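attaching a predicted model along with its sequence, questions to come.
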Amino acid sequence: MRVLLSTYGARGSVEPMVGLAVRLREFGVEVRVCAPPDEEFVELFAGVGVEMVPTGAPVRPLVTTVVPGSAAGLAERAAALIGAQFGTVAAAAEGCDALLATGPLPVTAGARSVAEKLGIRYVHVGHQPVGLPSPHQPPPARRGRPLPPGVTDHRELWEEDARIADDMFGAEINSRRAEIGLPPVDGVRDYAFTGTPWLATDPVLSPWQGSGLAVVQTGAWFRPDERPLPAELTAFLDAGPAPVFVGFGSMPVEPAADVARAAVEAIRAGGLRAVVSRGYAGLDRIDDKDDCFAVGEVDHRALFARVAAVVHHGSAGTTTTAARAGVPQVVVPQGADQPYWAERVTALGIGVGVESRAAAHDGPVLTAESLTGALAVVSHPRVRARAAAVAATVRTDGTTVAARLLLDAIG
C-alpha cells in the first residue's frame, strides 16, 4: 500500500506530516511526501528515513521577504503552486492508493484534481479550524481581497469567501484540469475541502464548532523527536531557575532586535532568565549577560518541560506543544490563525494573549511593559495549576488515529 502526502508552507505545515508519515510506515505503508525544498525540511524527512519529493519554491525566502498582507506577486505564486501539483505531485502520486493534502487552496485544490484523475482516495487536512466554513466564525481575509465592510453574518461572509476563491484561483485550476481531461469545477474552495475534511487539532484546545461539514477531528499530529537538548543549553538550564522561552517560529517579526530587547527586558524585570529562539526572525541575545541563552532548532517538547513560561506567536504547533508540556503561555499573535490560538489559551486559563498590533501599525507592538504584565499573570499558581491540568487532557495519539482512518478509507 502506498500513500502520498502533499504539503506546502512553513514548519507548521510540514512537521505534522513527518509525524503522520512515520506512523503510516509503522503500519506497513509505503510513504512519500511532497514538501518545499528548504534545507531544513529535507533534513527533517531524511532524519526519519521518509522519502521526500521537493515541490515548489523554498518557503523561507518567501516568508521573510513578502510584505505581510501584500498581494504583490500572489497570482504568479499561486499559478506556480497549482502547476507543481499537476506536475511534480501528479508524478509522485502515480501508483499510490491515497493522496492526503494540506496547505493553501492552490495546493489542496490541485491535489484533489490529481487524485480525481488517478482515481485514488483524497483527504483534505487542516491544522487549525479558522479556515473551515462555520457559522460560529468569519472567514479569514484573503490577500488583496478584503471582505465586504459592514457585513456581520458569518454565513454570508463564507459565501463571499467562496466567490473570492473562485475569482482568485478558479481559472488556473480549471485550465490545468482541462489539460488532463477533467471537467471544470464550480466552487474551488469547497471542492478542495470535500464534505469531510480532517482537522488535526486537539479537541480540548481547539473544539470544532460548525455545521454543514462533517469534520473529522483526529487530534494534533506530533513528529517523533528523541534528540537530546544541546549540551550548552542543558548546562544553562541546570545553572539556575527555570527560564522563560521566547520565540516566534516562522514569523519574520521586525525589527527583530527591538522585539528581543523588549522580551528580555520584561523577563529580567521579573527576576527571571531567558531562552531566546532565533527562528525566521533571527532573534538573538541583546548583550553578554549570562542570564540569557540563544538557541536554534531544538526539541521544543524537551525544552518546554524545563521552562517557566513560553512566549510565542501563537502557531498551532507551538501552542499545542506548550499545552502538552503543561507550561503557562503568553501568546503574541502576528496574524493568520494566531489570534484564534491566543483566544483559546486565554479562554482555557492556561495563559494570556498580548495585543501585538496597533490599528495604524503593520509591525509588532510588543513592549517590555505589556509583556511584564502578561508574565506576572501567567506566573500565578492558579495559571500554572490550570496549565498542568489541561496538559493531562491533550491527546498524543493523533497520528495513530489518522493513520487508521486513512487505512480504513483505502479499504
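On my side now, so go ahead.

what residues of whichever strand or helix holds Gly19 count as buried?
For Gly19, the element it lies in under DSSP states H and E is helix 11-26. Using 16 or more other Cβ atoms under 10 Å as the test for burial, helix 11-26 gives 11-25. For every residue, glycine as well, the C-beta is placed using N, CA and C.

with stretch 30-46 instead?
Buried residues in stretch 30-46, counting neighbours by 16+ other Cβ under 10 Å, are found at Val31, Arg32, Val33, Cys34, Ala35, Pro36, Asp38, Phe41, Leu44, Phe45.

which residues does the fifth one bridge with?
Which is Ala35. Under the criterion DSSP bridges, Ala35 forms beta bridges with Pro54.

can you list the low-confidence ranges for this structure?
Low-confidence segments of the chain (pLDDT under 70): 68-69, 356-365.

do that again at 50, thanks
Low-confidence segments of the chain (pLDDT under 50): 357-364.

need the contact list for the most far-flung residue of it relative to its centre.
The outermost residue of the chain relative to its centre, with distances by Cα atoms, centre = their mean, is Gly181 at 34.0 Å. Applying Cβ atoms under 8 Å, 6 or more residues apart in numbering, we find Gly181 in contact with Lys117.

Met52 looks like it's in a helix, true?
No. Met52 is assigned strand when assessed by DSSP: H, G, I helix; E, B strand; the rest coil, not a helix.

and the gap between the closest residue to it other than its chain neighbours and Ala316?
Counting by Cβ to Cβ, 6 or more residues apart in numbering, Phe45 is the residue found nearest to Met52 once chain neighbours are left out, at 3.9 Å. Computed as Cβ to Cβ, to the nearest Å, the Phe45 to Ala316 distance reads 20 Å.

before we move on, what about Pro54?
Plainly put, Pro54 is 24 Å away from Ala316 if you go by Cβ to Cβ.

okay, the two: which has more neighbours?
Higher neighbour count among Pro54 and Ala316: Ala316, with 27 against 15, using other Cβ atoms under 10 Å.

just checking, that one touches Asp337?
Yes. At 6.7 Å, Ala316 counts as touching Asp337 under the criterion of Cβ atoms under 8 Å.

what domains does the record give for this structure?
2-222+396-410, 231-391 (automatic domain parsing).

the longest one: end-to-end distance?
If I follow you right, that is domain 2-222+396-410. The stretch domain 2-222+396-410 measures 10 Å between its terminal residues, going by Cα to Cα, to the nearest Å.

what are the ranges of the helices in the stretch 1-150 of the chain?
Ranges of helices within the stretch 1-150 of the chain are 11-26, 39-48, 59-65, 74-84, 90-93, 105-118, based on DSSP state H, counting those that start in this stretch.
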